[in-house]
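Asks: here is a sequence with its predicted model. Questions after.
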Amino acid sequence: MSRRRIGFWYRLAAVICKPPLLVLFKRDWHGMEHIPVDGGFITAVNHNSYLDPLSYAHYQYNTGRVPRFLAKAGLFKSGFVGMVMRGTGQIPVYRETTDAATAFRAAVHAIEKGECVAFYPEGTLTRDPAMWPMQGKTGAARVALLTKAPVIPVAQWGANEAMPPYAKEKKFRLLPRKTLRVKAGPPVDLSEFHGKEPTAEVLRAVTDKIMAAVTAELAVLRGEAAPAEPFDYRKEIARERRAAREAARAAKTAEAAAGTDGTAREPAGSTAPAAPAQQARSNRQAQEDEGK
């Protein structure tokens, strides 16, 4: 079976990136025996730091099976980074455009040629408060069903300690020296789904099984139990929006009750002021009484 050569551009990237990774970080790697020696395959990787693609790529490079990442199309446009992305054969993703499906066709083609394609099924850095993997998107599942290629779950931990996600300042926290932990698990058994129509329900079930395998490997790395259910970012966003709407309605109701909505209200039991004509007659009557 075929496998991709590492090539000039990947070796150049390794020459640039590996020395600082070796100097600045310790490594704790496990499960390389699960990376296929030949043939196309998929890796499903959790994402908890802007630094962790380098950590995972270092691990994968040392197995001799370099990955092709699905990456934002903007990274390919210009400069040295774009040149390296194109030279190493990474796959551009054009999000929310008519070209979005092109990335998945390219991923299928790469796997059929015997290459490794790396997916971050969460689609972004995890939003889980405890840094566990979120509910995944279905792209990796779709490609897995089309190709029937092995899906290797890969968990990583440690890059998030050196460069926490969503920090106000994107600074490295290098001291004390951090350990980059990476662990690959055995292929996810998806045979029960082979031959089934890739409906939304099937793709969700496949994705959940893949993410459960990634989470299980991460639980081993972290030495603690994973949550029973993955964090669902879309549900969390919906909950926050619902709470914001309810808070806005409550504030409006409170304003109306307090009379601060621009409408004048008289306290209960008060007497309305006299009309101008009536008030004028009252004033003249008072003057006449004074003159008597």
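Replies: Nice, I can see it.

Asks: for the longest helix along the chain, give the mean pLDDT please.
Replies: Scanning the chain for the helix with the most residues, using DSSP state H, yields helix 233-258. On average, the pLDDT along helix 233-258 is 85.

Asks: in that helix, what counts as buried?
Replies: Neighbour-count burial for helix 233-258, counted by 16 or more other Cβ atoms under 10 Å, picks out Tyr233. Yep, even glycine has a C-beta here, placed from its N, CA and C like the rest.

Asks: stretch 87-97 too?
Replies: Within stretch 87-97, the residues scored as buried using 16+ other Cβ under 10 Å are 88-93.

Asks: and stretch 73-91, how far out from the chain's middle?
Replies: Distance, stretch centre to chain centre, for stretch 73-91: 21 Å (Cα atoms, centre = their mean, to the nearest Å).

Asks: which other residues reach that stretch?
Replies: With Cβ atoms under 8 Å, 6 or more residues apart in numbering as the contact definition, stretch 73-91 has outside contacts at 4, 7-10, 12-13, 66, 68-71, 92-95, 103, 106-107, 110, 115, 117.

Asks: how near is the residue positioned nearest the centre of the chain to Lys183?
Replies: For the chain, Thr124 is the residue whose C-alpha lies nearest the centre (Cα atoms, centre = their mean; 2.4 Å). For Thr124, the distance to Lys183 (Cβ to Cβ, to the nearest Å) stands at 22 Å.

Asks: now swap in Asp38 and tell me
Replies: Asp38 sits 22 Å away from Lys183, going by Cβ to Cβ.

Asks: now the end-to-end length of stretch 33-44.
Replies: As for stretch 33-44, its first-to-last residue distance stands at 16 Å under the measure Cα to Cα, to the nearest Å.

Asks: now do it, average pLDDT.
Replies: Mean pLDDT, stretch 33-44: 95.

Asks: any idea how far it is from the chain center?
Replies: Distance, centroid of stretch 33-44 to centroid of chain: 24 Å (Cα atoms, centre = their mean).

Asks: same check, this time on stretch 67-79
Replies: On the basis of Cα atoms, centre = their mean, stretch 67-79 sits 17 Å off its chain's mean C-alpha point.

Asks: try stretch 19-29
Replies: Offset of stretch 19-29 from its chain centre (Cα atoms, centre = their mean): 25 Å.

Asks: show me the contacts for Val66.
Replies: By Cβ under 8 Å, 6+ apart, Val66 lies in contact with 4, 6-7, 10, 57, 60, 88, 116.

Asks: mind checking which of these land in helices?
Replies: Going by DSSP H, the helices hold 7, 10, 57, 60 from the contacts of Val66.

Asks: just give the closest residue to Ile111, not the sequence neighbours.
Replies: Excluding its sequence neighbours, the residue lying closest to Ile111 (Cβ to Cβ, 6 or more residues apart in numbering) is Gly40, at 3.5 Å.

Asks: check Ile6 too.
Replies: Once flanking residues are discounted, Ile6 sits nearest to Val66: 5.4 Å by Cβ to Cβ, 6+ apart.

Asks: likewise for Asp232?
Replies: Gln135 (4.7 Å).

Asks: likewise Phe193?
Replies: Residue nearest to Phe193 in three dimensions, not counting chain neighbours: Val206, with 5.4 Å by Cβ to Cβ, 6+ apart.

Asks: checking my notes, that neighbour in a helix, right?
Replies: Yes: when DSSP: H, G, I helix; E, B strand; the rest coil is applied, Val206 is found to be in a helix.

Asks: next, count neighbours for it.
Replies: The number of residues packed near Val206 is 24, by other Cβ atoms under 10 Å.

Asks: cool, and the one 10 residues further on?
Replies: Other residues within reach of Ala216, judged by other Cβ under 10 Å, total 13.
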